[in-house]
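Engineer: I'd like to go over a predicted model; first the sequence, then the structure.
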Amino acid sequence: MTAGAAGTARSARWWQMAGVAVAWLLAFFAQFLFDRFGDLPAWLAGDVSIISIGAMLLVAAGILFAVAAPRAAARTCSRELTGVDGEIGPHWPSTRVSMWLFGAGMLAYLLAITLALFQVETALVTWLWLAAPLLLGAGLWRRGDFGLLLSQLRDQHRIILLLVLILAVALFLRLYQLESVPQDIHGDMASHGFQAREILKGTTGGIIGFGWAGIPLSGFLPTASMMALTGDQGLIGLRLPSVIGGLLSIVGLFVLLLQVSTPRVAILASALLAISYAHVHFSRIAEYMDPVPLAVWMFAFMLLGLRLGRLFAMLLAGVLLAFSTLGYFAGRATPFLLLLFLLYLFLVDRQCLRANRRGLVVLALGFLVGLGPMAFEFARHAEQIWFRVGEVFLFNPEVIDHLANKYGLTSGWSVLLEQTQRSLLIFNVYGDSSTQFGFPRPLFDSVSAPLLVLGLAYALAHLRDWANGLLALAVLSLLLVGILTNNAAFWPRLVSILLPAAALAALAIDRSWQSLVDATGDETNRFLVLIATVGLIYLAVVNVLLYYPFARSNGRPRAIVGRTVASLPADATVCLVSEDPADSFTWIHSVEEREIAYFMGSRLGIDIDVPSRPIADHSPVECQRSGAVWIVPLRHDVIVRDLREAFPGGRVTAHGPKKGDVVFYAFELP
């Protein structure tokens, strides 16, 4: 290269870096506007103007970044296809043992679904269902299958050590004060726990069929198993499966990205996900994390199977795909996301699909085998599934009316626009609309959110790289789910979006990193490692300080009553003074409220309508005995005074989400 050409190339790299820097400034200024609109000048007329200006700045930042950021080396399936015995693509089992094992797996599957179709579920049906994928997998196993995956990790010692460190931090953030944080216990989580307890008692008659809220009974097995292993059927047993699922999803994202992107992107994405307050929260409560690790590991094994022509990996991907649909409703979006990805490959990398025809057949087989007898249950109760979809679908007239009233709008079109705005800005502006979290901040912190926008813009500009295609499809399709379902920015339905979003934010950092190195030289790498480390530590502290103070005192009255009940002796009598259930502002109605009943155990619970005075003459005998505990809502605090007069020496304590806040009193009889 001549001196003139070298100078031109160097100048181009500096211009690239300048473009990246301006894109960062625009994106972060937009986020500043979103975060600080309450302190901005009056001429910026209202929230809508701030949001519009910020959104335009984000779009401009994304376009500039997509143009200026250096392009990564394209990685596509067809470029990485591995030949097996001289032929591109996977082989069916060829040895006699493999064929026998594969045949035994098919026989076990056919027997399981036949017996389930014609008789009540038995242990034999369950064991055949579980044995089928194991036998099929053994039949498709080729020597070195897992070695291929491990070979990718073998030369990444430093990266693996960093991943272990990240997982240690992630485990601490998810286990620390697990029983008390979050303070709130949603009724749906209590119902999830009730169903797991029923499975342990054996009253469900097996795991083929549907349980609470139309969720397949098998979806409650992780909780039931953890309750059995820990011996705890309270909050620890209820929440631990999500802790494990959260950690598995971090590792799954790392493995997936290591196959289709750089180690730097993989480790940065894992770190961002590990410290995300939203991911931390959903890793500490029941149910909503369940399908997430299954979905990400499904894609990880499918990509491995596509790249390396391994049928075992494709079978495992299919089984995981099935399992992701057998839990919380959000998991049922995974098959549709897979179909979108295969359509994307058909458009941009058709050779990959042609070479993997057998693998795709095996993936479909794994899906059917994983569903097992539940396939018939889905067919028999299709109306139940579609009822749930219709219940939250945007164009359900009841949903439209509800949202029009909520947003103060008058037409379905305006509701759609509002839903679109709230969904597209879920990472930057709008907090959680659900009662499962209700966090009053966007889905990402103020550093990660603008980086996501830059990463998404880059991915959309370079869609032929299949990592970009997968990540962009995942984010956009899940945002569409948010638009088309009730109460946009409803985070429990969108927990899976955190994974591709963290990957895209990491991609933006990676491309910016490369831009700096291209312009200034390789010696900049050490400085950038230090900056990235300090930045991640700072973000971890920010996320912790945002999440834990909120979650420590986010308990609603019923949850706090439940926690109080759990602290009482196992033989205590609980006498609850009921609030008026017709009043929408009251919470404490009955000991049968799910959040309270979950903690009752063997304690005797008695509901008491606001009694006539004096208390001693108008309450059940059990509530007049020594040790009985009365729960008295704040609005009926006059009853506490009556109890003190009737039962001198009784002990009264005030309870609320935090010190100084009182929502009810507990009066223990002497």
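Structural biologist: Arrived safely.

Engineer: going forward, measure contacts between C-alpha atoms and count neighbours the same way
Structural biologist: Fine.

Engineer: would you list the phi and psi of the residue nearest the centre of the chain?
Structural biologist: Geometric centre of the chain, nearest residue: Val495, 2.8 Å, by Cα atoms, centre = their mean. Per-residue torsions, Val495: phi -60, psi -40 (degrees, to the nearest 10).

Engineer: Glu622 against Asp571, yeah?
Structural biologist: No - Glu622 lies out of contact with Asp571 (Cα atoms under 8 Å); the separation is 12.0 Å.

Engineer: show me how far the helix or strand containing Leu303 is from its chain's centre.
Structural biologist: Secondary structure assignment for Leu303, by DSSP states H and E: helix 291-308. Relative to the chain's own centre, helix 291-308 is displaced by 17 Å; criterion: Cα atoms, centre = their mean, to the nearest Å.

Engineer: now the angle from the helix or strand just after that helix to helix 291-308?
Structural biologist: Sequence order places helix 311-325 as the next helix or strand after helix 291-308, per DSSP H and E. Orientation of helix 311-325 against helix 291-308 (axes from the mean of the first three to the mean of the last three Cα atoms, to 10 degrees) gives an angle of 160 degrees.

Engineer: roughly how far is helix 311-325 from the heart of the chain?
Structural biologist: Distance, centroid of helix 311-325 to centroid of chain: 19 Å (Cα atoms, centre = their mean).

Engineer: confirm that Tyr109 sits in a helix.
Structural biologist: Yes - Tyr109 forms part of a helix when assessed by DSSP: H, G, I helix; E, B strand; the rest coil.

Engineer: ok, and the closest non-adjacent residue to it?
Structural biologist: Excluding its sequence neighbours, the residue lying closest to Tyr109 (Cα to Cα, 6 or more residues apart in numbering) is Ala132, at 5.2 Å.

Engineer: for the one you found, what are its contacts?
Structural biologist: Going by Cα atoms under 8 Å, 6 or more residues apart in numbering, Ala132 touches Ala104, Gly105, Met106, Leu107, Ala108, Tyr109, Val369.

Engineer: how about a cut-off of 10 Å?
Structural biologist: 101-112, 138, 366, 369-370, 372 (Cα atoms under 10 Å, 6 or more residues apart in numbering).

Engineer: just Leu365 next, same as before
Structural biologist: Going by Cα under 10 Å, 6+ apart, Leu365 touches Met106, Pro133, Leu136, Met314, Leu315, Leu316, Gly318, Val319, Gly359, Leu371.

Engineer: repeat that for Val638.
Structural biologist: Val632.

Engineer: which of the contacts of Ala132 are buried, as a ChimeraX select command?
Structural biologist: In ChimeraX, this line selects whichever of the contacts of Ala132 come out buried by 16 or more other Cα atoms under 10 Å:
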select :101,102,103,104,105,106,108,109,110,111,112,138,366,369,370,372
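
Engineer: which of the contacts of Ala132 fall within strands?
Structural biologist: Counting by DSSP state E, the contacts of Ala132 place none of their members in strands.

Engineer: which of the contacts of Ala132 fall within helices?
Structural biologist: Mapping those onto helices (DSSP state H) picks out 101-112, 138, 366, 369-370.

Engineer: what comes up buried for stretch 647-658?
Structural biologist: Those would be Phe647, Gly650, Val652, Ala654, His655, Gly656, Pro657, for stretch 647-658 by 16+ other Cα under 10 Å.

Engineer: right, I mislabeled it, should have said stretch 233-250
Structural biologist: 233-250.

Engineer: okay, now the unreliable bits of the stretch 1-150 of the chain?
Structural biologist: Within the stretch 1-150 of the chain, the segments meeting pLDDT under 70 span 1-9, 37-48, 78-94, 120, 143-150.

Engineer: ok, back up a step: Asp642: which of the ones in helices among the contacts of Ala132 is nearest?
Structural biologist: Nearest to Asp642 out of these is Gly370 (Cα to Cα; 60.9 Å).

Engineer: quick one: the helices in the stretch 151-300 of the chain?
Structural biologist: Here the stretch 151-300 of the chain has its helices, by DSSP state H, counting those that start in this stretch, at 157-175, 187-201, 221-230, 235-260, 263-275, 277-282, 291-308.

Engineer: take these and write them to CSV, including distance to Asn428 and mean pLDDT.
Structural biologist: As requested, those are exported to CSV (distance: least, Cα to Cα, whole Å; pLDDT from 0 to 100):
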stretch, distance to Asn428, mean pLDDT
helix 157-175, 23, 94
helix 187-201, 28, 96
helix 221-230, 33, 96
helix 235-260, 22, 96
helix 263-275, 16, 97
helix 277-282, 13, 98
helix 291-308, 22, 93
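
Engineer: now these in a markdown table, with distance to Val517?
Structural biologist: Putting the helices of the stretch 151-300 of the chain into a markdown table (distance: least, Cα to Cα, whole Å) gives the following:
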| stretch | distance to Val517 |
| --- | --- |
| helix 157-175 | 20 |
| helix 187-201 | 48 |
| helix 221-230 | 46 |
| helix 235-260 | 21 |
| helix 263-275 | 14 |
| helix 277-282 | 31 |
| helix 291-308 | 30 |
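
Engineer: nearest to Thr122, out of these?
Structural biologist: helix 187-201 (14.4 Å).

Engineer: and that closest one, what does it pack against?
Structural biologist: In terms of contacts (3 or more Cα pairs under 10 Å, 6 or more residues apart in numbering; DSSP states H and E), helix 187-201 is packed against helix 221-230, helix 235-260, helix 557-566, helix 594-597.

Engineer: now the angle between helix 291-308 and the second one, please.
Structural biologist: By that I understand helix 235-260. 20 degrees.

Engineer: quick revisit: so which of the buried residues of stretch 647-658 are in strands?
Structural biologist: Val652, Ala654, His655.

Engineer: and the residues you listed, which is closest to Ala60?
Structural biologist: His655 (50.5 Å).

Engineer: contacts only, for that closest one.
Structural biologist: 557, 560-561, 564, 631, 633-634, 661-666.

Engineer: partner residues bridging it?
Structural biologist: Phe664 (DSSP bridges).

Engineer: ok, the closest residue to Leu669 other than its chain neighbours - contacts?
Structural biologist: Distances taken as Cα to Cα, 6+ apart place Gly650 nearest to Leu669, at 4.7 Å, with adjacent residues excluded. Going by Cα under 10 Å, 6+ apart, Gly650 touches Ser626, Gly627, Ala628, Val629, Leu643, Arg644, Phe667, Glu668, Leu669, Pro670.

Engineer: quick revisit: max pairwise distance over the buried residues of stretch 647-658: which two?
Structural biologist: Going by Cα to Cα, the pair spanning the buried residues of stretch 647-658 furthest: Phe647 and Pro657, at 27.5 Å.

Engineer: ok, back up a step: where does the residue nearest to Tyr109 fall, secondary structure wise?
Structural biologist: helix 123-140.

Engineer: in this structure, where's the longest helix?
Structural biologist: Per DSSP H, the chain has its longest helix at helix 3-36.

Engineer: hang on, the earlier thing: you'd agree the residue nearest to the centre of the chain is up against Met289?
Structural biologist: Yes - the pair Val495 / Met289 is scored as a contact, 6.9 Å apart, by Cα atoms under 10 Å.

Engineer: shared neighbours of those two, anything?
Structural biologist: His279, Phe282, Ser283, Ala330.

Engineer: quick revisit: closest to Asp349 among the ones in strands among the buried residues of stretch 647-658?
Structural biologist: Scanning these for proximity to Asp349, where the rule is Cα to Cα, the winner is His655, at 61.2 Å.

Engineer: ok, that closest one to Ile560 distance?
Structural biologist: Using Cα to Cα, to the nearest Å, one obtains 8 Å as the distance from His655 to Ile560.
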